[in-house]
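Enquirer: Build me a model:
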Amino acid sequence: MRDELLKTRWETLQNKLSNQFADGEQMDIDAIIYLVGVQELGQPQAKFKKDDKVNLMHIAICTVLEPYGFYEFDFVDEDGWPHFNNISKLPALKAGEQTVLMKEALVSYFLKRKYIE
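Expert: Next comes the predicted model:
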């Protein structure tokens with residue numbers, strides 16, 4: 001039951017974001033993580049370099065995994081970039097299990113923000 005609910009919510013989230021940000025072209029998990037990073041940075045109009053894009057994805061991963069106890073917010077630097085501390089080691093997961101954890105964390109992030117139901 002839980003897996004079916006996650007699957008349904010993930011598809012809803014993926015479709016809604018794809019329609020809003022990618023002209024309906026299906027966004028993958030990395031693109032959605034990137035969007036969360038941009039959202040959390042709060043600079044949606046900025047142009048980002050390759051290193052910035054990696055850092056945006058890191059911000060997103062820390063943000064969505066924070067409620068799971070893996071990271072905690074530390075501070076925002078003078079350029080407005082949030083920083084996190086790793087407070088708990090991530091479990092050793094297989095690739096498929098990592099994907100499920102990230103999908104669950106992303107769905108939870110967007111549920112809390114009432115973007116999806």
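Enquirer: Without its sequence neighbours, what residue ends up closest to the spatially most central residue of the chain?
Expert: Centroid-nearest residue in the chain, with CA atoms, centre = their mean: residue 33, separated by 3.8 Å. Spatial nearest neighbour of residue 33, chain neighbours left out: residue 60 (4.6 Å); criterion: CB to CB, 6 or more residues apart in numbering. The way it works is simple: take the backbone N, C-alpha and C, and place the C-beta from them, glycine included.
Enquirer: so that neighbour, which of the three states?
Expert: helix (DSSP: H, G, I helix; E, B strand; the rest coil).
Enquirer: Which residue, other than its chain neighbours, is closest to residue 107?
Expert: residue 9 (4.7 Å).
Enquirer: I'd guess the one you found is in a helix, am I close?
Expert: Yes - with three-state DSSP as the criterion, residue 9 is located in a helix.
Enquirer: returning to that earlier point: so the residue nearest to residue 33 makes contact with residue 41?
Expert: No - no contact is recorded between residue 60 and residue 41 when judged using CB atoms under 8 Å, the distance being 9.3 Å.
Enquirer: list the contacts for the residue nearest to the centre of the chain?
Expert: 57, 60, 61, 64, 102, 106 (CB atoms under 8 Å, 6 or more residues apart in numbering).
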